[in-house]
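*Asks:* Sequence and computational prediction follow.
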Amino acid sequence: GENVEQHPSTLSVQEGDSAVIKCTYSDSASNYFPWYKQELGKGPQLIIDIRSNVGEKKDQRIAVTLNKTAKHFSLHITETQPEDSAVYFCAAWEQAGTALIFGKGTTLSVSS
Amino acid sequence: GAVVSQHPSWVICKSGTSVKIECRSLDFQATTMFWYRQFPKQSLMLMATSNEGSKATYEQGVEKDKFLINHASLTLSTLTVTSAHPEDSSFYICSAETSGGSRQYFGPGTRLTVT
């Protein structure tokens, strides 16, 4: 089955710096890779996603890159703000009706 | 769009009682919904996959007679924790898959405390 590894587990940056979180997956059949942001006591919020036919996707300060050959994808947050502080989860998905396979999460702390 | 609600947001119950948690997709139909459990500072643990009109598929180690799942319509799935015990205290989160499996959106979660 699919296995998703996520690094780092914790990340501390200064406000305005960039943050990068990396994930690797094992199943080449996976074709959809979402990123979720989870604030304390809340459910995960979808912030960006990418499908296997695309190498990069950007939405304002957030971008995701995908390298299918190497089986890894990354989340890039530029100009970080204190409100970006949260736990971020990457996930991989293969087909409709199946569950996402999550990484273990990255706790991002942005200090002002 | 793509909003998923859960009710209640938090519940406290006594040991031995049952608790029902509702998960609703508010602005889309969800053929498939998923139930997760999350312990503090950990990732989401999939409990079961719920398909409308059919029996849920439970993950290994999840007691189907204890965690009853019903997916009666394309917008509603319920999780009932039966004969709750303190070790069932946790954060329960549902997600709903949009048609065609394009995306999954999560509910805000339900904090269950069993005393």
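*Replies:* Sure, I can see it. Computed from a predicted structure; not experimentally measured.
*Asks:* near chain B, which residues of chain A?
*Replies:* Counting by CB under 8 Å from any CB of the partner chain, the residues of chain A lying close to chain B are A:34, A:36, A:41-46, A:49, A:89, A:93, A:95-100, A:102-105. For glycine as for every other residue, the C-beta is placed from the backbone atoms N, C-alpha and C.
*Asks:* which parts of chain B sit against chain A?
*Replies:* Residues of chain B lying close to chain A by CB under 8 Å from any CB are B:2, B:4, B:6, B:31-32, B:34, B:42-44, B:46, B:49, B:51, B:91, B:93, B:95, B:97, B:100-101, B:103-109, B:111.
*Asks:* which residue does chain A bring closest to chain B?
*Replies:* Here chain A gets closest to chain B at one residue, A:A96, 2.7 Å apart by CB to the nearest CB.
*Asks:* If you drop the residues flanking it in sequence, what lies closest to that residue?
*Replies:* Excluding its sequence neighbours, the residue lying closest to A:A96 (CB to CB, 6 or more residues apart in numbering or on different chains) is B:G101, at 2.7 Å.
*Asks:* Also B:M33?
*Replies:* Using CB to CB, 6+ apart, the closest residue to B:M33 is B:S77 (4.1 Å).
*Asks:* Need the per-residue pLDDT for the residue lying farthest from the centre of chain A.
*Replies:* Seen from the C-alpha centroid of chain A, the residue lying at the greatest distance (CA atoms, centre = their mean) is A:S112, 22.8 Å away. Confidence at A:S112, expressed as pLDDT, is 92.
*Asks:* Right, and chain A sits closest to which residue of chain B?
*Replies:* Chain A sits closest to B:G101 of chain B, with a gap of 2.7 Å, by CB to the nearest CB.
*Asks:* Report the central residue of chain B.
*Replies:* Of the residues in chain B (compared using CA atoms, centre = their mean), B:W35 is nearest the centre, at 3.7 Å.
*Asks:* can you confirm it is in a strand?
*Replies:* Yes - judged by DSSP: H, G, I helix; E, B strand; the rest coil, B:W35 forms part of a strand.
*Asks:* Would you mind measuring from the residue nearest to B:M33 to A:S9?
*Replies:* Distance, B:S77 to A:S9, using CB to CB, to the nearest Å: 32 Å.
*Asks:* and if you look at B:R37?
*Replies:* On the measure of CB to CB, B:R37 and A:S9 end up 20 Å apart.
*Asks:* These two - which one has more neighbours?
*Replies:* B:R37 (20 against 13; other CB atoms under 10 Å in any protein chain shown).
*Asks:* hang on, isn't that one packed against B:M45?
*Replies:* Yes - here B:R37 reaches B:M45: they are 5.0 Å apart, a contact under CB atoms under 8 Å.
*Asks:* Roughly how far does A:A92 sit from A:A29?
*Replies:* 10 Å.
*Asks:* who has more neighbours, those two?
*Replies:* Neighbours of A:A92 and A:A29, each counted by other CB under 10 Å, are more numerous for A:A92; the result is 25 against 10.
*Asks:* ok, which stretches of chain B are strands?
*Replies:* For chain B, the strands defined by DSSP state E occupy B:4-7, B:10-13, B:19-25, B:32-38, B:44-51, B:57-58, B:67-73, B:76-81, B:90-97, B:104-106, B:110-114.
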